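> sequence-free structure coming up:
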């Protein structure tokens, strides 16, 4: 398995959307898996308009999220797969956003209808997020092993850091196909040729949750955020990005 050269600077993949700031009743800071950047940005924007509370977030792969959470005391919430979040021991409260779904996206010059189509000779380069640092990299590897495709595709598969990077590579035609989450697949729209949703039985279920950092459960801004993400407008946003 090869490694795709990272073309995004770390400062881009792990960026503060609105700049750093101290957490208080009028602001909220969270760290999220990069694959959920787009829905989270929309949620935060709507949340701020509704409540007047400034919402900020940093995005990165799983190890970056953990590092941010342990080093920055202002981070109050984490957004990622609950399977990853729970062993960190940083939170006691988890609120489900939705089930994450693995998807295979393909470039405009390709036409794939099943995962097995990756074996076609015209498919030369397949990207996936880093399996050790990204939940959908782990899911992709599980799925390839489950379907018996890992060995025949070994020479074609290349790792990148995050889901958005894989999406960018496919959209730019730098690779022929790539594994991402359904959220990224939907967000790419007409920049890609299309996508195939992977069979749910080929990887461990992914539950995307908001984890409340220990000691922050009674923060006014956090209570407002948890109330908001349970609201009908927030659920509609999540569903539009494949989270339900």
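It's in. Computed from a prediction, not measured in an experiment: that's the story for all the values here.
> going forward, measure contacts and count neighbours with C-alpha atoms only.
Noted.
> ok, then the element right after the helix or strand of the chain with the lowest mean pLDDT?
Within the chain, no helix or strand scores below helix 10-13, which has a mean of 34 by mean pLDDT, DSSP states H and E. Next in sequence after helix 10-13, counting helices and strands by DSSP states H and E, comes strand 27-33.
> what about the chain, any weak spots by pLDDT?
Along the chain, segments meeting pLDDT under 70 span 2-25.
> got the domain ranges for it?
Domains of the chain are assigned by automatic domain parsing as 6-100+208-240, 102-202.
> mind naming the longest strand for the protein?
Secondary structure of the chain per DSSP state E: the longest strand is strand 91-100.
> tell me the first helix or strand C-terminal of that strand.
By DSSP H and E, the next helix or strand past strand 91-100 is strand 102-106.
> off-centre distance for the next helix or strand after that next one?
Downstream of strand 102-106, the first helix or strand assigned by DSSP H and E is strand 126-129. Here strand 126-129 is found 14 Å from its chain centre; the criterion is C-alpha atoms, centre = their mean, to the nearest Å.
> quick one: the strands in the chain, in order.
Under the criterion DSSP E, strands of the chain are mapped to 2-3, 27-33, 54-60, 77-81, 91-100, 102-106, 126-129, 157-160, 177-181, 194-197, 206-213.
> include mean neighbour count and distance to residue 42 when you put those strands into TSV, please.
Shown next, in TSV, are these (neighbours: other C-alpha atoms under 10 Å; distance: least, C-alpha to C-alpha, whole Å):
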stretch	mean neighbour count	distance to residue 42
strand 2-3	14	32
strand 27-33	25	14
strand 54-60	24	11
strand 77-81	27	14
strand 91-100	17	14
strand 102-106	28	21
strand 126-129	30	23
strand 157-160	21	25
strand 177-181	30	17
strand 194-197	20	23
strand 206-213	23	16
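> show me the one of the ones you listed that comes nearest residue 138.
Across those, residue 138 has its closest neighbour in strand 126-129 (8.1 Å, C-alpha to C-alpha).
> now do the closest one: which elements does it pack against?
Strand 126-129 sits against helix 135-146, strand 157-160, helix 163-171, strand 177-181, with contacts defined as 3 or more C-alpha pairs under 8 Å, 6 or more residues apart in numbering; DSSP states H and E.
> of those, which stretch is the most buried?
strand 177-181 (a mean of 30; mean count of other C-alpha atoms under 10 Å).
> describe which strands that strand pairs with in its sheet and in which direction.
Paired with strand 177-181 in the same sheet, following DSSP bridges, are strand 102-106 (antiparallel), strand 126-129 (parallel).
> got those strands as JSON lines, with distance to residue 52 columns?
Shown next, in JSON lines, are the strands paired with strand 177-181 (distance: least, C-alpha to C-alpha, whole Å):
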{"stretch": "strand 102-106", "distance to residue 52": "35"}
{"stretch": "strand 126-129", "distance to residue 52": "36"}
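> any idea which of those gets closest to residue 199?
Nearest to residue 199, of all the strands paired with strand 177-181, is strand 102-106, at 8.1 Å by C-alpha to C-alpha.
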